[in-house]
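K.L.:
I would like the atomic coordinates for the input below:
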Amino acid sequence: MWPLVVAFAAGLWSMAPAGAQEPQGRSGTRSFVNVVQVTGYLDPVMTDFIDRAITESERDGAEALILQLDSPGSVLAPAELDALVFRVGHADVPIAVWVGESGAQALGGAANVVLAAPLAGMAPESRLGRASAPIFAELPRAVRSGTVGPEQAQELGLVTLNQEESAVLGSFLAALDGREVAGEALETASFEAVEAGPPEATLTVDARLAKLDLVPRLMHTVASPPVAYLLVSVALALLVFELFTAGVGVAGMVGALCGVLGAYGLAVLPTSPVGLALLALSVFGFAVDVQTGAPRIWTGIAVVAYAVGSLLLFDGVGIGWLPLVTGVVGMVLLMLAGLPATVRSRFSTPTIGRESMIGEMGEAMAETAPEGVVRVREALWPARTNRATPIAAGQRVRVTGIDGLALEVEPEEGGARDYRERRPSRGEKARGEG
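P.N.:
Now for the predicted structure:
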């Protein structure tokens, strides 16, 4: 059996035309290039992703590493950005940056990465500019203060491949064939002559695409300005909502989670302390008027503070008009309409027969010292007690009066006697003693 298998394999090998062997890469296997998608702002997560891709490409013997770039800029510290730019420009594996697909951009710190790469190309309708890294000696003014398209970028010598060669990823890979990096020519495609037309290219390398994993992708998304801003807005709104509706429920837990994620985004992004302080002041102002039950001067202060704080929240990066309007309008509507309506529907008491609740027994749902929340008649009520008799959560309470929307309560033991309890007469007391 085995001799037949060997003979069959030998026959297939002998039928293969001369020179049909697959091209061999640096590691002795079929040549390959790694393609890494770099989207959004350059932050620590994306920087670590690029660094690992370079290291793995160097270790595995990749023919080249392609950075597919679409980034509005960088939120890295200057030293971190300079280290990334140096890594791209001095890697042991040839690095080519493709600003694509069509309509992509490479601005600010992302433009520095394009300029540092040995090979680069731009897809149609893409933009490059606003580079400011001092490591580049003479940059054209059009790139330092504005942006340029593919044709102008090639005329200025900023990219090595033209617009047609960089139209799509496949053509970009094919155009890399024969390009020299550090004295070594890349082998990425073979070309066959076609009558009355350009030669037809066939890729001779495998393209291995790589994206961020789920958790790093989540953290990278959270660190984008619009997402971080909306998470902080949701966290502030839900925590205030939970405060006024009592207890630790779903709204409080969701608000806490959004707060943690939003705090990470604020830590990564260039956050302005002034903008953050204005957001906190705004929430305080809204809370004051929700407590009083009617919009007053604090509501006006809160609206202005939230709008201005949103505009000033980040230094050098924009939130975008849609997230900005969504955050401000959503917060104002919640604080002026949604939260007051919820509080009224949850804690309102009937105007007729309220006195019937006096003397009722209930349970403290939270510490009441002197204010808290109690459960009476299977409903939650805001409550108030004497400062001298604080009530712990879970302790039995007695209703002694009603003050507006709040119940006046006292502990079941050690409190004042219910005024409705009839005191025994002297005769009843004597008969009882007898």
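K.L.:
low-scoring stretches of the protein, by residue?
P.N.:
1-30, 132-137, 194-197, 246-248, 292-294, 341-355, 414-434 (pLDDT under 70).
K.L.:
all strands of the stretch 251-400 of the chain, in order?
P.N.:
Along the stretch 251-400 of the chain, counting by DSSP state E, counting those that start in this stretch, strands occupy 361-364, 371-376, 379-384, 396-403.
K.L.:
so which of those gets nearest residue 58?
P.N.:
For the strands of the stretch 251-400 of the chain, the distance to residue 58 is smallest for strand 371-376, at 61.8 Å, taking Cβ to Cβ. Where you see a C-beta, it was placed from the backbone N, CA and C, and this is true even at glycine.
K.L.:
Quickly run through the sheet partners of that closest one, with directions.
P.N.:
Take DSSP bridges as the rule and strand 371-376 pairs in its sheet with strand 361-364 (antiparallel), strand 379-384 (antiparallel).
K.L.:
Including mean neighbour count and distance to residue 271, could these go into CSV?
P.N.:
As requested, those are arranged in CSV below (neighbours: other Cβ atoms under 10 Å; distance: least, Cβ to Cβ, whole Å):
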stretch, mean neighbour count, distance to residue 271
strand 361-364, 18, 40
strand 379-384, 19, 36
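K.L.:
Residue 177: what's it in contact with?
P.N.:
Contacts for residue 177 (Cβ atoms under 8 Å, 6 or more residues apart in numbering) come out as 186, 187, 188, 189, 190, 191, 201.
K.L.:
Which of the three states applies to it?
P.N.:
coil (DSSP: H, G, I helix; E, B strand; the rest coil).
K.L.:
Please name the nearest non-neighbouring residue to residue 387.
P.N.:
Distances taken as Cβ to Cβ, 6 or more residues apart in numbering put residue 370 closest to residue 387, at 4.9 Å, once the chain neighbours are dropped.
K.L.:
Residue 386 is in contact with that neighbour, correct?
P.N.:
Yes: shown here, residue 370 and residue 386 form a contact pair, counting by Cβ atoms under 8 Å, at 6.7 Å.
K.L.:
What's the local residue count around residue 392?
P.N.:
By other Cβ atoms under 10 Å, the residues close to residue 392 number 12.
K.L.:
where's the closest residue to it other than its chain neighbours relative to residue 393, distance?
P.N.:
Nearest non-adjacent residue to residue 392, counting by Cβ to Cβ, 6+ apart: residue 367, 5.8 Å away. From residue 367 across to residue 393, the span is 5 Å (Cβ to Cβ, to the nearest Å).
K.L.:
and what of residue 48?
P.N.:
From residue 48 over to residue 393 the distance is 45 Å, taken as Cβ to Cβ.
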